[in-house]
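Trainee: How does the following fold in three dimensions:
(chains A, B, C and D)
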Protein chains: 4
Amino acid sequence: MPEAGILAPAVRAFGLAESYRRTRRLTEALCAPLSEADATIQSMDDASPAMWHLAHTTWFFETFLLRDRLPGYRLHDERWPFLFNSYYESEGERIARPRRGMLSRPTVAEIRCWRDHVDTAMEQVLADPACADLVELGIAHEQQHQELLLTDIKHALFQNPLGPAMWALRDGRSASSKLKAEDPSRRTAAPEGWHSHPGGIALVGHDGHGFAFDNEGPRHRVLLEPFALSSRLVTNGEWDAFIADGGYSTPSLWLSDGWSWVKAEGVSAPLYWRGGEHFTHQGWLPRDPEAPVTHISYYEADAFATWAGARLPTEFEWEAVARGQTEPGFDATAGNQLDDAGPPLPRGGSELFGDCWQFTRSAYLPYPRFAPAAGAVGEYNGKFMSGQFVLKGASCATPRGHSRPSYRNFFYPHQRWQFTGLRLARDI
Amino acid sequence: MPEAGILAPAVRAFGLAESYRRTRRLTEALCAPLSEADATIQSMDDASPAMWHLAHTTWFFETFLLRDRLPGYRLHDERWPFLFNSYYESEGERIARPRRGMLSRPTVAEIRCWRDHVDTAMEQVLADPACADLVELGIAHEQQHQELLLTDIKHALFQNPLGPAMWALRDGRSASSKLKAEDPSRRTAAPEGWHSHPGGIALVGHDGHGFAFDNEGPRHRVLLEPFALSSRLVTNGEWDAFIADGGYSTPSLWLSDGWSWVKAEGVSAPLYWRGGEHFTHQGWLPRDPEAPVTHISYYEADAFATWAGARLPTEFEWEAVARGQTEPGFDATAGNQLDDAGPPLPRGGSELFGDCWQFTRSAYLPYPRFAPAAGAVGEYNGKFMSGQFVLKGASCATPRGHSRPSYRNFFYPHQRWQFTGLRLARDI
Amino acid sequence: MPEAGILAPAVRAFGLAESYRRTRRLTEALCAPLSEADATIQSMDDASPAMWHLAHTTWFFETFLLRDRLPGYRLHDERWPFLFNSYYESEGERIARPRRGMLSRPTVAEIRCWRDHVDTAMEQVLADPACADLVELGIAHEQQHQELLLTDIKHALFQNPLGPAMWALRDGRSASSKLKAEDPSRRTAAPEGWHSHPGGIALVGHDGHGFAFDNEGPRHRVLLEPFALSSRLVTNGEWDAFIADGGYSTPSLWLSDGWSWVKAEGVSAPLYWRGGEHFTHQGWLPRDPEAPVTHISYYEADAFATWAGARLPTEFEWEAVARGQTEPGFDATAGNQLDDAGPPLPRGGSELFGDCWQFTRSAYLPYPRFAPAAGAVGEYNGKFMSGQFVLKGASCATPRGHSRPSYRNFFYPHQRWQFTGLRLARDI
Amino acid sequence: MPEAGILAPAVRAFGLAESYRRTRRLTEALCAPLSEADATIQSMDDASPAMWHLAHTTWFFETFLLRDRLPGYRLHDERWPFLFNSYYESEGERIARPRRGMLSRPTVAEIRCWRDHVDTAMEQVLADPACADLVELGIAHEQQHQELLLTDIKHALFQNPLGPAMWALRDGRSASSKLKAEDPSRRTAAPEGWHSHPGGIALVGHDGHGFAFDNEGPRHRVLLEPFALSSRLVTNGEWDAFIADGGYSTPSLWLSDGWSWVKAEGVSAPLYWRGGEHFTHQGWLPRDPEAPVTHISYYEADAFATWAGARLPTEFEWEAVARGQTEPGFDATAGNQLDDAGPPLPRGGSELFGDCWQFTRSAYLPYPRFAPAAGAVGEYNGKFMSGQFVLKGASCATPRGHSRPSYRNFFYPHQRWQFTGLRLARDI
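Mentor: Residues are numbered from 1 along each chain as shown, chains lettered A, B, ... in the order given. Reported below is the predicted structural model:
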């Protein structure tokens, strides 16, 4: 990631333009396996149709770069901002979120035309240093929607009793073939190790060099107690043991809201589980007991940690480890993330980034002296600071290069359609 | 409509086969203007996606004719009955109705293949006299779904703020062009006339010659008081007067459940109205004040009748008139009905059939000695006999030849996405 | 019941005054066993607190008799009509029905004061022949609320896990004592007999002599097919057999709406059943298999009749029998009805009136030439004519003298907190 | 509050016994003005009937002290724990929270008998040093319910259109009398001052001497940035200015969840406001513009702070000030709190404790190394640590002596039936 304060503007602009084009191409590649019908349906209020992601990311560039910064630019279609604005109150009225699945028009073909139109116009601003910050924000924004596109379509296809696959299994094995030990992508879960941290004052938050969202700063000091963080994620096999031990029927393991959720929704396993299988972008597949568990809620993560005699880390503990503010040996590099259009699936390993977003016990709240950016983009992060929890790391559906130690992802404690997992912590 | 008891079986079979093919073609023609995305979306629990109608009508023939009557027939896909059974409990479990809009697979192309496959196999049973009754039922069933397909897709496209048209205006006029007096399709509403009936014993219900649904019989006698029936449907212009007179804000005009509905839903006009326009299969069009009002609920029809100092007819009064059991001069022939794939729109005229289904004040209940047919098709009508009202006639979206004087359509009193209208009656 | 057209006005007024006082006393006697807390709670939207019934019946007399007919009368409290108007739109705004249980004030003592105040003032209009019709209506109205008071408080006390009794068992037996054969109130269900009717033209509806609600007229002729009506009500023991035969898990027995209701509500027995007991105004008691089943919905009644190979009667069939328009031997007199303040409980017998209201398969709709009364009291009945079914007879909680052959009670098909039962009919 | 670690056990027991008796008496005194009906109703799921508070606090002592610690004690009624257990999963099943308002039995008189019975038995354990910790917990628990009793009954009486007063105005003034400047209880809001804190490491959390809830510890260090805290609470008059400036119609001031809440609930003022009045335990009274605003949600508090160019303090900032870890001049003593049975109403002043609970921007989460107590009482606090925000201080309905600097109250961000207010903070 180029650092704004160091690189010459021309060099930065060159990198940004390349990054812009690569990001835009990846979004389209992710949609390639989808039929127009696949791209249109919306399976729940939290999710959006794939076509909507295609369009909304384009709306972002058209609105905040072309309309606001490119003199003489005319909107491709004046009626479309009403359809493809997500939640920017300052950008006016918009279609109700649960009705996005009613948009069979404009067609995917029309949206692709719009994308081309916007991409062509964008070439005029990509070289403008005054626009670089917004371009970077737009790229990061589109990367977030790439991950949402993948998790949303997974949820949509899961609704279908036929269990359709978005991508076929690569080697032609049928989806119901049994998991084999010789599967080259399969990794044996490392024995759990604990990396200890002595506590003390840690510096957290983004330092302002290079791109970051506004919610990652300001950088500030926090006081940590001594703690240890697990060297790996909790696995499917460990979750099987939790279930076998009555995890979902023991109220004392659960937060009160979590237990209400379990009873109201009849939850008895992670999302997408069915017997020994789970639903993936390649259809129903046998579940690897060594792979990290995913698609769990905060409530489930917290209950598991209690059952395991551990706890979730705070966001600051996690970040301190990710910054190397600890003993050597932790692999803070990016592991299993999204490099290309293809089926995301957690594999396991010792990396902090990749496989699954990791729940922390930290509520998503503003850092000291945080102030949202001015204008509409100030609505990006700050207004969501109530009721949600911070997740750290990155998942197998997060585009490589998108995350960093200070990154703060956030979801409500009942949500689990993202690739969410957990890494245990404990007091020492 | 050939009469079963009179025609030689071979002649009947020949006509049925022709009717089968014509009906199947019309369904596909109705879907032709739709994109795959249009055909997939479901706008409310009451409605189904167009692709689902394409598939369900095929399921009906495959299940009750091919599977049950054609030795050796194998299901095209054994997983599909779960998807495309509508409400036949005796045919087993099925996808929840509100989730039909999640079926982006099978694709429309795959469903068309299935249709071809079934149509080919059906040729073997179309000539079998033992199957004729079920074939007739299947054709009538598919005709009902043609009408539902039209009203469901209208509702779905209406959700889109762009107001997309399923069919373009034929002469290239833009949808926002003002209604012109010289529009050749426009008809001036006839002055209202009242056809009186002296009362007495009337014979109602189907006589068993030719096809009819089980709920239309047995034929039986009813006692009528003298009454008069309006010679035409209530018009948009008359409804404008009702609104202008405070119709939607005067509780004394409404049934109690109707008034609760008005307040809970914030109803202030028929469905699809907006200013002087209404939404049609050709997009937003100016509303013709002389054309029959449509897309009203039973509650609205009843309130209007009260406001007008009249009432709704009973189903028996309506049928007695339709059978010509009254003074001459009533036009009981079919008027504006669906002949071909094209945009249905009420026009107005003196015919009893066509333009709009007409609410009666009769609850949908069994006739004396009614017994549902044996087997799964016995679930067709009888089990819906609570809470609904009978509508008579036919609408502009009803395939020509589908209705008859004894026909009993039925909907809940709050539903109004069908082409529903009203014809006043009064005591004399 | 004195007949208006025959008795001299003075005689009528004398009878009315007596009837007024007796009715008012009974309401208060029914409330006597209740604590102030019992009288305040509201267990569901359909039900009202006992104190509300005490007050609302008083509001009726104060509004339509004292305020409207007694010059110079001043309202006892001008704020109370807002609280105790039930559904009269023409009487203005009122508290939302589901919030009636929030009225801990005025206190029951204050309401009793109001009752006294109104009763004293009413003495001035009871002798006025011009008021007699409204007084009769008010008395019949209060009798209806006596029945509702009993069924509403039963539902409220049933919510309490302690199962409190409103009235103690008379002979000091504990509520859990086993039903004994020597119980003097217990009656053995008569063997089922069928009373046949030859069909033909029957006169139904009230003749206008004596009091009747507006919905019971006008008297008119209907055409009946030959039928038979059971000589007694269906019993608890017969219902046990229905359950044992899988009645609640066989969809083919049920109306479609009924089956949805069974699944959504998890219904598996009549309301108030638990093992071999049922909840009564005397707490939990063993269930008498010979006594009539009660607290069933229309859906259940219809499913049982289907299971039994019979059907429900129409309201006209029932009325024709009750008018003696059939073979002799039917006991059309009033059986087990409410005579005094005491626990209502069905006992069984051959009477048409008493024990349970009996579901008919007739929707609650206007008779030919029906017109609601003018003014606010016109809202009494007519505006409820959609979605409900007619029940005939009377129950053990119906004050004696309140019902008659033309009486039309009505409820929605899912409601079952009234003393509802069924009497089978069949075609002959 | 006696400190456990310092006082001799006998002295401590003596104080505890006195405290126990005083607390029990106050609960009963608070119920004295209520009718049995008042004490029975439940106005929303969040609130409980007054009689339930009377009973539940007794259940707590009977269960955790008498049943568990007093050999030979027999439960007063074995069926009552099912009714009066609040949320202790380890104590078994219990009545659903929203059904507490259905408990017209046991009567208030029976519950008072139970209280007497338990109080008598408690005398045997009050002197037992081994029970002292649990007795202290039970007293603190009952104090919390005293506050809830007051806020719940306020909400219940507010539902009544008559606006009944729980306590009459002391000097006989009518509830609608205009606020007069000479009202002796009225205080003029002090000019706003800002108390600054230099930041640095602060010690927070309870030190373990004397009683505290488990969630107040362990004591630990936190790092603070320099900040300032307002010397007084925001007033009604300032809130009027917020409304006049469009506070409730400006989305940019609100958290996203807050704005959804404003729109969904139609919120346009604090709870209990109507014109220039507000609803109090003394009925509808004119609102004092100089008094602290109360009955606001976290969403409203946050929006106001944004509008005012300030922010909410963190719980640690507030506690640091309350501990005197700042410049002199702050009045950390208890101000307007509950001393006796009487109407609570915020008055205003410079005290940190009293008038209103003060929202912080801190989510309610466990402190480092927090572990819930063992056994059922471990469910007291820990299981609620998701989705809620911490409030500091105390309100006019908090019994004097109940709160302290480390006290952590917590509510969901939409709740506002407590005496909630706000004190602004800002970065310096």
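Trainee: buried residues in stretch A:267-275?
Mentor: For stretch A:267-275, burial by neighbour count (16 or more other C-beta atoms under 10 Å in any protein chain shown) applies to A:267, A:269-273. In short, each C-beta sits where N, CA and C put it, glycine included.
Trainee: tell me the mean pLDDT for the helix or strand where residue A:155 lies?
Mentor: Take DSSP states H and E as the rule and residue A:155 turns out to sit in helix A:132-158. Helix A:132-158 comes out with an average pLDDT of 97.
Trainee: for the following helix or strand past it, which positions count as buried?
Mentor: Once the chain leaves helix A:132-158, the next helix or strand it forms, by DSSP H and E, is strand A:194-197. The neighbour-count check on strand A:194-197 (16+ other C-beta under 10 Å) flags A:195, A:197 as buried.
Trainee: Excluding chain neighbours, give the residue nearest to residue A:314 in space.
Mentor: Take residue A:314 and drop its neighbours on the chain: the residue closest to it by C-beta to C-beta, 6 or more residues apart in numbering or on different chains is residue A:362, 4.9 Å away.
Trainee: Dump the buried residues of stretch A:267-275 to TSV, plus distance to residue C:60, secondary structure and pLDDT.
Mentor: Listed next are the buried residues of stretch A:267-275 as TSV, based on distance: C-beta to C-beta, whole Å; DSSP: H, G, I helix; E, B strand; the rest coil; pLDDT from 0 to 100:
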residue	distance to residue C:60	secondary structure	pLDDT
A:267	51	coil	98
A:269	58	coil	98
A:270	59	coil	98
A:271	56	coil	98
A:272	60	coil	98
A:273	60	strand	98
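Trainee: need these in TSV with distance to residue D:38, can you?
Mentor: TSV is the format used below for those (distance: C-beta to C-beta, whole Å):
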residue	distance to residue D:38
A:267	40
A:269	47
A:270	48
A:271	46
A:272	51
A:273	50
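Trainee: State the pair within these that is farthest apart.
Mentor: Spatially, the most separated pair among the buried residues of stretch A:267-275 is A:267 and A:272, at 12.3 Å (C-beta to C-beta).
Trainee: can you state the direction angle for the longest strand seen in chain A and strand D:357-363?
Mentor: When chain A is parsed with DSSP state E, its longest strand is strand A:357-363. Taking axes from the mean of the first three to the mean of the last three C-alpha atoms, to 10 degrees, one finds strand A:357-363 and strand D:357-363 inclined to each other by 160 degrees.
Trainee: The helix or strand following strand A:357-363 packs against which elements?
Mentor: Sequence-wise, the next helix or strand downstream of strand A:357-363 (DSSP H and E) is strand A:389-393. On a contact count with 3 or more C-beta pairs under 8 Å, 6 or more residues apart in numbering or on different chains; DSSP states H and E, strand A:389-393 meets helix A:315-322, strand A:351-353, strand A:357-363, strand A:409-411.
Trainee: how about those in CSV, adding mean neighbour count, distance to residue B:111 and mean pLDDT?
Mentor: Converted to CSV, these look like this (neighbours: other C-beta atoms under 10 Å in any protein chain shown; distance: least, C-beta to C-beta, whole Å; pLDDT from 0 to 100):
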stretch, mean neighbour count, distance to residue B:111, mean pLDDT
helix A:315-322, 25, 49, 95
strand A:351-353, 24, 44, 91
strand A:357-363, 26, 38, 98
strand A:409-411, 22, 37, 98
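Trainee: Can you convert those into a markdown table and add a column each for distance to residue A:374?
Mentor: Putting those into a markdown table (distance: least, C-beta to C-beta, whole Å) gives the following:
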| stretch | distance to residue A:374 |
| --- | --- |
| helix A:315-322 | 26 |
| strand A:351-353 | 31 |
| strand A:357-363 | 25 |
| strand A:409-411 | 22 |
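Trainee: and residue A:251, how many neighbours does it have?
Mentor: Residue A:251: 18 surrounding residues under other C-beta atoms under 10 Å in any protein chain shown.
Trainee: Quick check: the gap between it and residue A:304.
Mentor: 15 Å (C-beta to C-beta, to the nearest Å).
Trainee: swap in residue A:22?
Mentor: 38 Å.
Trainee: More neighbours: the two, which one.
Mentor: Per other C-beta under 10 Å, whichever of residue A:22 and residue A:304 has more neighbours is residue A:304, with 24 against 12.
Trainee: Tell me who's in contact with that one.
Mentor: If you count contacts by C-beta atoms under 8 Å, 6 or more residues apart in numbering or on different chains, residue A:304 has them with A:234, A:239, A:242, A:247, A:296, A:422.
Trainee: And residue A:417, by the same measure?
Mentor: Contact partners of residue A:417, counting by C-beta under 8 Å, 6+ apart, are A:44, A:46-47, A:151-152, A:154-155, A:271, A:295.
Trainee: can you list the residues you listed in JSON lines and add distance to chain D?
Mentor: Output for the contacts of residue A:417, formatted as JSON lines (distance: C-beta to the nearest C-beta, whole Å):
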{"residue": "A:44", "distance to chain D": "17"}
{"residue": "A:46", "distance to chain D": "14"}
{"residue": "A:47", "distance to chain D": "17"}
{"residue": "A:151", "distance to chain D": "20"}
{"residue": "A:152", "distance to chain D": "19"}
{"residue": "A:154", "distance to chain D": "25"}
{"residue": "A:155", "distance to chain D": "22"}
{"residue": "A:271", "distance to chain D": "19"}
{"residue": "A:295", "distance to chain D": "19"}
